[in-house]
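**Q** got a structure for you, letters missing:
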C-alpha cells in the first residue's frame, strides 16, 4: 500500500566554489556497491534483514547515493556526434 511522506525543500547559498560544495555533499552520503546492495536488499525476508542491509551503507547524513548522471559528458558526446 502506498504511503504518503512529506518532504521539506530548502535552499543553501554558499560562497564556496560549486565543486567544493559537491565534494562535501558526496562525502556526507553513502556510496554502496550497487550490485551487492540490490542483492542484499532483494533477498531480505524481514524488515530487520532489510535494515541490516541498508544501515551500513548510509552516510553520516543518513542518505545514500543510488545513481549519478554525468549530463555534461552526455551532452558533449551528443554534440560531437551531431557535428560528426
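**A** That came through, no problem. On a predicted model such as this, the values are computed, not experimentally measured, just so you know. Residues are numbered from 1 along each chain as shown.

**Q** Give the residue spans of this protein that score low on pLDDT.
**A** The model of the chain has pLDDT under 70 over residues 73-76, 82-84.

**Q** and residue 79, what element?
**A** Assigned by DSSP states H and E, residue 79 belongs to helix 71-83.

**Q** for residue 66, same thing?
**A** Here residue 66, judged by DSSP H and E, is contained in no helix and no strand.

**Q** isn't it right next to residue 31, touching?
**A** No - using C-beta atoms under 8 Å, residue 66 is not in contact with residue 31, being 9.8 Å away. In this view, the C-beta of every residue, glycine as well, is placed from N, C-alpha and C.

**Q** which of those two has more neighbours?
**A** Taking other C-beta atoms under 10 Å, residue 66 and residue 31 do not tie; residue 31 has more neighbours (14 against 11).

**Q** Tell me who's in contact with the more buried one.
**A** Counting by C-beta atoms under 8 Å, 6 or more residues apart in numbering, residue 31 touches 57, 59, 64, 65.

**Q** Buried subset of the residues you listed as a PyMOL selection?
**A** This is the PyMOL syntax for the buried subset of the contacts of residue 31, where burial follows 16 or more other C-beta atoms under 10 Å:
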select buried, resi 57+59
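
**Q** could the contacts of residue 31 be laid out in a markdown table, adding distance to residue 26 and secondary structure?
**A** Below are the contacts of residue 31 laid out as a markdown table (distance: C-beta to C-beta, whole Å; DSSP: H, G, I helix; E, B strand; the rest coil):
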| residue | distance to residue 26 | secondary structure |
| --- | --- | --- |
| 57 | 14 | helix |
| 59 | 9 | coil |
| 64 | 11 | strand |
| 65 | 8 | coil |
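
**Q** which parts of stretch 20-34 are buried?
**A** Within stretch 20-34, the residues that count as buried by 16+ other C-beta under 10 Å are 29, 30, 32.
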